[in-house]
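# Give me a 3D structure for the following:
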Amino acid sequence: MKKLSFLMGKWSGEARVLRRSGEELELIQTEEAQYKLDGLILMIEGIGRSKSDGKVALQALGIVSYDDDAGAYRMRAYNDGRYMETELKLAENGKGITWGFVLGEINTSSVLRINEKGEWKEVTEIAIGSQPPRKLMELTVSPQK
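Below is the predicted model:
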């Protein structure tokens, strides 16, 4: 779990989310990552508030653990009253992770990287059926001081 320590702390910045209507919603985004249970799990909570009115428009909670038997990181993510489970893969440089979900014809792919400026940059793409993938969410947050 220590390999995920690059996520630790409070982060803030901006995000863009594609809505069902096809329009993009601009958000003020916060992310908070902290170890729980003496470092056995990592809890990541993201909250996005609409730039236009400050109302909460996005809430997500991820619980990450390490499966010793499988030698893999697992995440259970909660959003909009649902949850999904997936495997997280650590980037080769140790400063990023990738994951995705499949739900029926919906397929998502997420990439999170810490860039050269120390920012957390995350992009999620969605593909539905045979449609080509399109950007569902993009966020850039920086460590809070």
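# Secondary structure element holding the residue nearest to M8 when sequence neighbours are not counted?
The spatially closest residue to M8, leaving aside those adjacent along the chain, is A33, at 5.3 Å (C-beta to C-beta, 6 or more residues apart in numbering). Where you see a C-beta, it was placed from the backbone N, CA and C, and this is true even at glycine. In this assignment (DSSP states H and E), A33 forms part of strand 24-36.
# For that strand, buried residues please.
L25, L27, I28, Q29, T30, E31, E32, A33, Y35 (16 or more other C-beta atoms under 10 Å).
# Likewise for stretch 137-145?
For stretch 137-145, by 16+ other C-beta under 10 Å, it's M137, E138, L139, T140, V141.
# Same check on stretch 79-94?
M84, T86, L88.
# Would you format those as CSV with distance to E14 included?
Formatted as CSV, the buried residues of stretch 79-94 follow (distance: C-beta to C-beta, whole Å):
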residue, distance to E14
M84, 25
T86, 25
L88, 24
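# re the thing from before, is it true that the residue nearest to M8 touches L7?
Yes: at 4.1 Å, A33 and L7 qualify as touching, with contact defined as C-beta atoms under 8 Å.
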